[in-house]
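Enquirer: mind looking at a prediction? Sequence and model below.
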Amino acid sequence: MKRAWLLGAAIFVGVAAWSAEDGGRHLALRSRVELFRGSDQWSEVRVDCPFVPARSALIVCDMWDKHWCTGANVRVAALVKKLEPVLETARRKGMIIVHAPSETMSYYANTPQRQRMLSLPAFAPPKEMKISSPPLPIDDSDGGCDTAGDKAHRAWTCEHPGLKIAPDDYISDSGQEIYNLLRSRGIETVFYTGVHANMCILNRTFAIKQMTKWGIRCILLRDLTDAMYGPQDAPHVSHQQGTELVVEYIEKYWSPTALSDELSHALR
């Protein structure tokens, strides 16, 4: 018993020293645990997790200048105002910012932020971990738009102009390219912001599912995301409730979440 206590104390001291030496911070993460396997009864849990800003990145997923769904456009515009100061704080504290507006790389082809990404050495990802999850708790098979009459089409050309792309940021929509960046810069933890939680945040090549399978620690900033979901579809709840259901799903099966204010506070 005494030996186990001493080992635990040594680990604690080691983590504390590591955090202090490398500018470590602590962040309260929220996750879900199924206490009794197969019961489908989940409890919310909070975990105090250490992270080092200089070994962390923040990915801005598909925050386009325009979306085909009117409701999505309105919510993205609101997210932009809340996200921009978080990016400034994270950048100032040494976190790497990756702008990932999918399908718009030709727009940024000649920018230094895009060229810097392309110049990185290639790293072979590890063998993927086998992780399975049940279907989403919402029906988004019709595209998930909550605005009647809007039809799906490509409306975007670049990232939303309300988000600053700083000189030292990176631009990519490729999982392999972003993995190269993480490996070359020694990044251990990746925070995700942007849209949409049930689609791109989970399923892009650089998204939570793929990076988790490659062994990267992923954290969703749950108040800086949104879902493509309309109350006309199952389970016939409000748009906000639909987004909350997706966030809970991510917490159960893929990654913990945090609030942007908690991250900003941890970075002070």
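Expert: Happy to help now that I have it.
Enquirer: where does the stretch 51-200 of the chain have low pLDDT?
Expert: Low-confidence segments of the stretch 51-200 of the chain, defined by pLDDT under 70, are absent; every residue clears the threshold.
Enquirer: and the strands in it?
Expert: Using DSSP state E, counting those that start in this stretch, the strands assigned to the stretch 51-200 of the chain run over residues 56-61, 96-100, 170-171, 189-195.
Enquirer: for the last one, list the C-alpha coordinates in CSV.
Expert: Right, strand 189-195. As requested, C-alpha coordinates have been extracted for strand 189-195 and formatted as CSV (Å, rounded to 0.1, in the frame of the first residue of the first chain):
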residue,chain,number,x,y,z
THR,A,189,-4.0,18.0,-28.0
VAL,A,190,-6.4,19.3,-30.7
PHE,A,191,-9.4,21.6,-29.9
TYR,A,192,-12.2,21.7,-32.4
THR,A,193,-14.5,24.6,-33.2
GLY,A,194,-16.8,25.3,-36.1
VAL,A,195,-19.6,23.4,-37.9
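Enquirer: C-terminal to it, what's the next element?
Expert: helix 200-203 (DSSP states H and E).
Enquirer: tabulate the strands of the stretch 51-200 of the chain (a markdown table), appending mean neighbour count and distance to Ala72.
Expert: All C-beta atoms are positioned from the backbone trio N, CA, C, and that covers glycine. Putting the strands of the stretch 51-200 of the chain into a markdown table (neighbours: other CB atoms under 10 Å; distance: least, CB to CB, whole Å) gives the following:
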| stretch | mean neighbour count | distance to Ala72 |
| --- | --- | --- |
| strand 56-61 | 25 | 13 |
| strand 96-100 | 25 | 17 |
| strand 170-171 | 25 | 22 |
| strand 189-195 | 25 | 7 |
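Enquirer: fine by me, we can end here.
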